[in-house]
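1. Just need the structure, nothing else, for what follows:
(2 chains)
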There are 2 protein chains.
Amino acid sequence: MDAKEFESLVIQNRSFRRFHQDQRIPHQTLLDLVDLARRTPSAGNRQPLKYAILHSPVDCARLFPHLRWAGALKGWGGPAEGERPAAYILVFCDTRILKEPGCDQGIAAQTLLLGAAARGLGGCMLGAIDRARIRAEFNVAEDLELPLVVALGVPAEKCVLEDAPVGGDVTYYRDVQSVHHVPKRPLAEVLVELKP
Amino acid sequence: MDAKEFESLVIQNRSFRRFHQDQRIPHQTLLDLVDLARRTPSAGNRQPLKYAILHSPVDCARLFPHLRWAGALKGWGGPAEGERPAAYILVFCDTRILKEPGCDQGIAAQTLLLGAAARGLGGCMLGAIDRARIRAEFNVAEDLELPLVVALGVPAEKCVLEDAPVGGDVTYYRDVQSVHHVPKRPLAEVLVELKP
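-> Numbers count the residues shown, from 1 in each chain, chains lettered A, B, ... in the order given. Take a look at the predicted model:
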């Protein structure tokens, strides 16, 4: 796989929030994604992350009420029934190993989502979640913290990446066709020149 | 790019700490890697990360003394002259945008390193760094925090991923041939079963 192909994968891998809910994801596919995530770099190779797979419609429905969606889209309460994720991977930090996951959660979740994109799937990392209620609903062990949930499915929306003007607004938005636009800070804005 | 090809890239992307120091990396390649990183998902799309590229031998030599290498390899002070990184990308958090980078740093750095692997390069995220000295040496603006440094180069060492026994030791080590071994927790150990 060359640099251009990988770049296409990175672009394809947007945060999707609406899915073909009836297109379920085989359990083996979800296991394969966790298997990818566990083989990513980990600070000091400590590997504090653990993963739970939710894939049945019943379990997905138990989790859904405890998730918050796209805070910047005012008036949108999240995907409607029929457009909800077909699976979730819960990313835990085992505090018996490390109190804080540090970089590891982003490394693992991004790898997992790139792996999903390579399979024609899409998803979204969700950090705005009701941890206490999820803990109660699924009887999560006390030693496990839940830094984030990864929602997965076959995307049912179009997401467009665009360059914001330098110093411009980067708030994402939906247009009248319900296309989701994600303005990214341009290269000139994210580069820092250091003292020679 | 399909799932198998992406899996190979994830496996190929190990943390390398010894390089062919004389094989320099073109500035454009480093810009392309930053350009990849800036287009990754960001929590709330806030994009607090900024990047500085160090690629000249002089600048690399100014940074090197402020980095700590592979804490678990006792008695190894880091790569010798001739095996040091050929470039670095410093990953900053612009605290005018957000106080903490959260997940973003891991997402961006992993994507950047996968992009490097797709170009036949390798590297390592370094979080054990002397931030105060780096700040002083390069006159880093007060608003920029430095969560991590990514070292890059053409790898000059072999890294082998292996499955640890369940509950076994995951400390990385070098064998007598100086091959670097990285034991990962097996799939059975990282999976959490939730209450049905």
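
2. now for the lengthiest helix in chain A, which elements pack on it?
-> Longest helix in chain A by number of residues, with DSSP state H as the criterion: helix A:104-117. If you count contacts as 3 or more Cβ pairs under 8 Å, 6 or more residues apart in numbering or on different chains; DSSP states H and E, helix A:104-117 packs onto helix A:3-12, helix A:27-37, strand A:49-54, strand A:87-94, strand A:122-126, strand A:144-153, helix B:3-12, helix B:104-117. Every residue, glycine included, has its C-beta placed from N, CA and C.

3. Who is the spatially most central residue of chain A paired with across the strands?
-> By Cα atoms, centre = their mean, chain A has its centre lying nearest to residue A:125, at 2.2 Å. On the basis of DSSP bridges, residue A:125 is bridged to residue A:150.

4. Tell me where the model's unsure across chain A.
-> Nowhere does chain A drop to pLDDT under 70.

5. Which residue is the nearest non-sequential neighbour of whichever residue of it sits closest to chain B?
-> Residue nearest to chain B within chain A (Cβ to the nearest Cβ): residue A:106, separated by 2.5 Å. Nearest residue to residue A:106, sequence neighbours excluded (Cβ to Cβ, 6 or more residues apart in numbering or on different chains): residue B:106, at 2.5 Å.

6. Give me the angle between the longest helix of chain A and strand A:49-54.
-> Helix A:104-117 runs at 40 degrees relative to strand A:49-54, counting by axes from the mean of the first three to the mean of the last three Cα atoms, to 10 degrees.

7. Let me know whether stretch A:153-166 sits next to chain B.
-> Yes: applying Cβ under 8 Å from any Cβ of the partner chain, one finds that stretch A:153-166 is in contact with chain B at residue A:161.

8. Could you list the buried residues of stretch A:103-110?
-> A:103-110 (16 or more other Cβ atoms under 10 Å in any protein chain shown).

9. ok, now which ones touch residue A:32?
-> A:115, B:3 (Cβ atoms under 8 Å, 6 or more residues apart in numbering or on different chains).

10. Residue A:13 too?
-> A:113-114, A:116-117, A:122, B:41.

11. Determine which two of the residues you listed are furthest apart.
-> Spatial extent of the contacts of residue A:13 (Cβ to Cβ) is set by the pair A:116 and B:41 at 12.3 Å.

12. more crowded one of these two?
-> residue A:116 (29 against 23; other Cβ atoms under 10 Å in any protein chain shown).

13. Could you verify my assumption that that one touches residue A:153?
-> No: here residue A:116 does not reach residue A:153: they are 9.1 Å apart, not a contact under Cβ atoms under 8 Å.

14. Pull up the overlap in contacts between those two.
-> When contacts are counted by Cβ under 8 Å, 6+ apart, residue A:116 and residue A:153 have A:122-123 as shared neighbours.

15. does the residue of chain A closest to chain B really touch residue B:111, like I thought?
-> No: look at residue A:106 against residue B:111 with Cβ under 8 Å: they stay out of range, at 9.5 Å.

16. For my notes, confirm residue A:69 occurs in a helix.
-> No: read with DSSP: H, G, I helix; E, B strand; the rest coil, residue A:69 is coil and lies in no helix.

17. got a list of what the nearest residue to it once chain neighbours are set aside touches?
-> Nearest non-adjacent residue to residue A:69, counting by Cβ to Cβ, 6+ apart: residue A:78, 3.5 Å away. Counting by Cβ under 8 Å, 6+ apart, residue A:78 touches A:17, A:64, A:67-70, A:84.

18. Residue A:79 in helix, strand or coil?
-> Residue A:79 falls in the coil class when you classify it by three-state DSSP.

19. My understanding was that it contacts residue A:67; is that so?
-> No: if you go by Cβ under 8 Å, residue A:79 and residue A:67 don't touch, sitting 9.7 Å apart.

20. Hmm, residue B:136 and residue A:194 touching each other?
-> No: contact criterion Cβ under 8 Å: residue A:194 and residue B:136 do not qualify, at 11.8 Å.

21. between the two, who's got more neighbours?
-> Legend: neighbour count by other Cβ under 10 Å for residue A:194 and residue B:136, higher for residue A:194 (17 against 12).

22. Is that one in a helix, a strand, or coil?
-> Residue A:194 ends up coil, using three-state DSSP.

23. How about it: what's its closest non-neighbour residue?
-> In space, and not counting its chain neighbours, residue A:194 is closest to residue B:138: 4.1 Å by Cβ to Cβ, 6+ apart.

24. can you count the residues close to that neighbour?
-> Using other Cβ under 10 Å, the number of residues around residue B:138 comes to 21.

25. can you tell me which residues contact it?
-> Residue B:138 makes contact with A:194-195, B:52, B:62-63, according to Cβ under 8 Å, 6+ apart.

26. and of these, the nearest to residue B:9?
-> For those, the closest approach to residue B:9 (Cβ to Cβ) belongs to residue B:52, at 25.6 Å.

27. Isn't that closest one up against residue A:191?
-> Yes: using Cβ under 8 Å, residue B:52 is in contact with residue A:191, at 7.3 Å.

28. So if I had to pick from these two, which one is more boxed in?
-> Ranked by neighbour count (other Cβ under 10 Å), residue B:52 and residue A:191 place residue B:52 first, with 21 against 15.

29. how close does that one get to chain A?
-> 4 Å (Cβ to the nearest Cβ, to the nearest Å).

30. Show the contacting residues for that residue.
-> Residue B:52 touches A:191-194, B:89-90, B:92, B:138, counting by Cβ under 8 Å, 6+ apart.

31. Distance to residue A:183 added to these, as TSV?
-> Below are the contacts of residue B:52 laid out as TSV (distance: Cβ to Cβ, whole Å):
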residue	distance to residue A:183
A:191	17
A:192	20
A:193	23
A:194	27
B:89	23
B:90	24
B:92	20
B:138	29
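
32. just to revisit the earlier point, pull the contacting residues for the residue of chain A closest to chain B.
-> B:102-110.
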